[in-house]
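# A predicted structure for the sequence below; I have some questions about it.
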Amino acid sequence: MNKSPDSLKKEFEAIVGKDNVMTAEADLHSYSYDAAVLPSQAPAVAVRPETSEALGKVVKFCNDSGLPLTVRGAGSNLSGGTIPAKGGVVVVTGALNKILEINAEDMYAVVQPGVVTAKFAAEVAAKGLFYPPDPGSQTVSTLGGNVAENAGGLRGLKYGVTKDYVMGVDFFDVNGELIKTGSKTVKCVTGYNLAGLMVASEGTLGVFEKIILKLVPPPQAAKAMMAVFDDMIAASRAVAAIIANKIVPATLEIMDNFTIRTVENFRKAGLPVDAQALLLIEVDGHPAMVEEDAQKVEKICKEQGATSVKVAKDAAERANVWQARRDALPALARVSPTTVLEDATVPRSKIPAMMQALNEIAKEYKLQIGTFGHAGDGNLHPTILTDKRNHEEWHRVEKAIDAIFDRALALGGTLSGEHGIGLAKSKYMKLECGLGALDYSRRMKSVLDPKGILNPGKIIGF
Ligand SMILES: Cc1cc2nc3c(=O)[nH]c(=O)nc-3n(C[C@H](O)[C@H](O)[C@H](O)COP(=O)(O)OP(=O)(O)OC[C@H]3O[C@@H](n4cnc5c(N)ncnc54)[C@H](O)[C@@H]3O)c2cc1C
């Protein structure tokens, strides 16, 4: 790329308009980092296309000019996926934010990639339908970012994650050609599952232009409850016991004592601060079944050692339970200057072992780790509270992160349940995938993106 900053600016202005090209230092700084704790890197320019046509032209221009291109939704990912590791261009999708269709009869929706997740879920709900994926970041995250990360959330156990709702993705390939994939039909097996290939591709294989999402009927009733334990391992066993009894709650979350106290300190939610662990559970479905499941869950929790189980009496109490859970990360993040949130995931039956491993790791590396997460999915969020400026401590944090992944993989788990690989975990890829899958991925990438301009450095490394 030999273009001067001035000529680059002019060429982008011709594509997306003067107001949608950003080169001021403050703007470029804003696009140099995301929610991951990683070194920042500013792009040379950031552009904000307002139309699909302009988006496609930007992709083509970048490829023709050999300019690295990093697409960015809200930048809320936790794996460095939107850090423009090789500089170049950041393409912001915020203006591509139209819900193009919500079809109640065939239960699907068509959206542009920059639509905010919670706004979409609310519009869908207003039409009497339900879009279950609900990442904790849903008030800011975009559907494009959700698909590119295969985002999960609190309802993964019963309803699945973003991939379970992707029916099609239209995307620009690296040449700026629009590739249409998938279908609005319930079933479609025409050719390779290219829409599936786009899921979790983290902006490395194509730039989404449009997404077709499946919708479902909303549950008729729901009941939230809070089970209190004085032993973390007993709480973990209760998780396995609930599922073993063939009850699949919509949500089954866990919080350790440190997280409970920190959340209560953040906002008085009435959490039992002496509890060693809490399970936050929601069952939903037909009202009669909800009642029965709630009673069974209460009984199972008590059998597994819960000291009390509080069932939310009304909508306000139910909202309070879930607000407390959603407060976990912001509350922990206030404790220290640097918060490292991991999402190592293990088979559900291995949660007790993983919880134990996290305690040992915290002790061994003398670190404060608060743990909460989607226990029903085996997806824990050990959150290391530290200060990156303290080099000695940061060195211990890095060792602890390595140890967390080692232990998760040894227990048959995975590097990431929902936060993606990005830059943060690309170095661990071969530990889980082996060289075969990594090499296959690299070969695929080099064919689809021969100049390596689409989000370089992410997933498969440089
Ligand atoms: C407080 C907090 C809570 C969170 N809770 C959860 C949670 O519960 N579950 C969960 O899964 N995640 C969670 N996350 C992580 C994050 O919000 C998700 O990964 C989310 O999907 C990112 O969406 P985004 O719009 O911010 O995407 P970005 O961060 O902007 O981008 C993410 C990736 O998507 C790519 N991308 C974006 N748009 C496109 C496009 N149009 N075409 C191709 N690629 C594209 C980017 O290049 C990047 O690789 C949380 C984050 C925070 C800060």
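Thanks, I have it.
# number of nearby residues for Glu53?
Neighbourhood size, Glu53 [other CB atoms under 10 Å]: 12. The way it works is simple: take the backbone N, C-alpha and C, and place the C-beta from them, glycine included.
# mind checking which helix or strand it is in?
Assigned by DSSP states H and E, Glu53 falls within helix 52-65.
# and the closest residue to the ligand within the stretch 301-450 of the chain, what is it in contact with?
Residue nearest to the ligand within the stretch 301-450 of the chain: Glu418 (3.3 Å; CB to the nearest ligand atom). Contacts for Glu418 (CB atoms under 8 Å, 6 or more residues apart in numbering) come out as Pro135, Glu149, Asn150, Ala151, Gly152, Gly153, Gly156, Val161, Asp343, Thr345, Asn379.
# Would you agree it falls within a strand?
No. Counting by DSSP: H, G, I helix; E, B strand; the rest coil, Glu418 is not found in a strand; it is coil.
# Please name the nearest non-neighbouring residue to it.
Gly152 (3.6 Å; CB to CB, 6 or more residues apart in numbering).
# What of Ala353?
Nearest non-adjacent residue to Ala353 (CB to CB, 6+ apart): Leu411, at 5.7 Å.
# Please report the distance of the one you found from Val21.
48 Å (CB to CB, to the nearest Å).
# of these two, who's got more company?
A count of neighbours by other CB under 10 Å puts Val21 above the other of Leu411 and Val21, at 21 against 18.
# Tell me, how many residues neighbour the nearest residue to the more buried one once chain neighbours are set aside?
Counting by CB to CB, 6+ apart, the nearest residue to Val21 once its immediate chain neighbours are dropped is Phe12, at 4.6 Å. Here the number of neighbours of Phe12 (other CB under 10 Å) works out to 28.
# that's a strand at Phe12, yeah?
No. Looking at Phe12 with three-state DSSP, it is helix, so not inside a strand.
# who touches it in this structure?
Val21, Val45, Val47, Val58, Phe61, Val89.
# Now the residue in the stretch 51-200 of the chain that the ligand sits nearest to: phi and psi?
Taking CB to the nearest ligand atom, the ligand has its nearest neighbour within the stretch 51-200 of the chain at Gly145, 2.1 Å off. Main-chain torsions, Gly145, degrees, to the nearest 10: phi -70, psi -40.
# Model confidence score at the closest residue in space to it that isn't next to it in sequence, please.
Spatial nearest neighbour of Gly145, excluding adjacent residues (CB to CB, 6+ apart): Gly73 at 3.3 Å. If you check Gly73, the pLDDT there is 98.
# buried residues in stretch 139-152?
Ser141, Thr142, Leu143, Gly144, Gly145, Asn146, Val147, Ala148, Glu149, Asn150, Ala151, Gly152 (16 or more other CB atoms under 10 Å).
# right, and the helix or strand after the helix or strand hosting the fourth one?
Assigning secondary structure by DSSP H and E places Gly144 in helix 143-149. Past helix 143-149, further along toward the C-terminus, the next helix or strand under DSSP H and E is helix 156-159.
# Run through who's touching stretch 135-142.
35, 73-74, 76, 93-94, 97, 113-118, 121, 146, 151-154, 326, 329, 418.
# Endpoints of that stretch, how far apart?
10 Å (CA to CA, to the nearest Å).
# just use 459 as the starting number from now, easier for me
With the count now opening at 459, the last piece we talked about shows up as stretch 593-600.
# quick one: is it near the ligand?
Yes. Judged by CB under 6 Å from any ligand atom, stretch 593-600 and the ligand are in contact via Pro593, Gly594, Ser595, Ser599, Thr600.
# Around the ligand, which positions in the stretch 759-908 of the chain sit nearby?
Leu787, Glu876, His877.
# The stretch 609-758 of the chain too?
Residues of the stretch 609-758 of the chain lying near the ligand (CB under 6 Å from any ligand atom): Ala609, Gly610, Gly611, Glu660, Gly661, Val665, Phe666.
# Ignoring the adjacent residues along the chain, who's closest to the residue nearest in space to the middle of the chain?
The centre of the chain sits closest to Ala609, judged by CA atoms, centre = their mean, with a distance of 3.7 Å. Nearest-residue entry for Ala609: Pro593, 4.4 Å, with adjacent residues in sequence omitted and distances by CB to CB, 6+ apart.
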